[in-house]
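Peer 1: Here's a sequence, model it:
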Amino acid sequence: MIQQTIQALAEPRRREILALVHEQELTSSAIETHFDITAPAVSQHLKVLYDSGLVAVRREGTKRFYRLRREGLTDIKAYIDGVWDDALLRLKAAAEEEERQREN
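Peer 2: Okay, the predicted model is just below:
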């Protein structure tokens, strides 16, 4: 799932869509007004975001309302936290090694 999430987030327009639905639900037609691409193209981006678990859809009659699924970001956050923690540990070890060499 992490790979699918990363691929979904790699496309700038999808990140823009997530920013739009971050605070409020929006219909697909409301989302479309923010872009200079066709409605089917926006729908395809929404499908990728939905399939990757980053957005949820609520149907009301013929309208579809999209909102950010914060839970969908859990895997990517855990991945980034792990990479960050590992990098900090390596930095700490390098600094400690450098300090030991200076003392000798």
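
Peer 1: The longest helix along the chain packs against which elements?
Peer 2: Longest helix in the chain by number of residues (criterion: DSSP state H): helix 74-103. Contacts defined by 3 or more CB pairs under 8 Å, 6 or more residues apart in numbering; DSSP states H and E place helix 74-103 against helix 2-10. C-beta: built from backbone N, CA, C; applies to glycine.

Peer 1: pLDDT on the helix it packs on, on average?
Peer 2: Averaged over helix 2-10, pLDDT sits at 92.

Peer 1: Which positions in the longest helix of the chain come out as buried?
Peer 2: 75-76 (16 or more other CB atoms under 10 Å).

Peer 1: what angle sits between it and helix 2-10?
Peer 2: 90 degrees (axes from the mean of the first three to the mean of the last three CA atoms, to 10 degrees).

Peer 1: pLDDT averaged over helix 74-103 - what is it?
Peer 2: Here the average pLDDT along helix 74-103 is 85.

Peer 1: what's the spacing between that helix and its chain's center?
Peer 2: Relative to its chain's centre, helix 74-103 lies at 24 Å (CA atoms, centre = their mean, to the nearest Å).

Peer 1: Also stretch 61-80?
Peer 2: 8 Å.

Peer 1: Spit out the contact partners of the residue nearest to the spatial centre of the chain.
Peer 2: Most central in the chain under CA atoms, centre = their mean is L9, positioned 4.9 Å from the mean C-alpha point. Applying CB atoms under 8 Å, 6 or more residues apart in numbering to L9 gives the contacts 15, 18, 54, 76.

Peer 1: Leaving out sequence neighbours, find the closest residue to the third one.
Peer 2: Yep, that's L54 we're talking about. G72 (4.2 Å; CB to CB, 6 or more residues apart in numbering).
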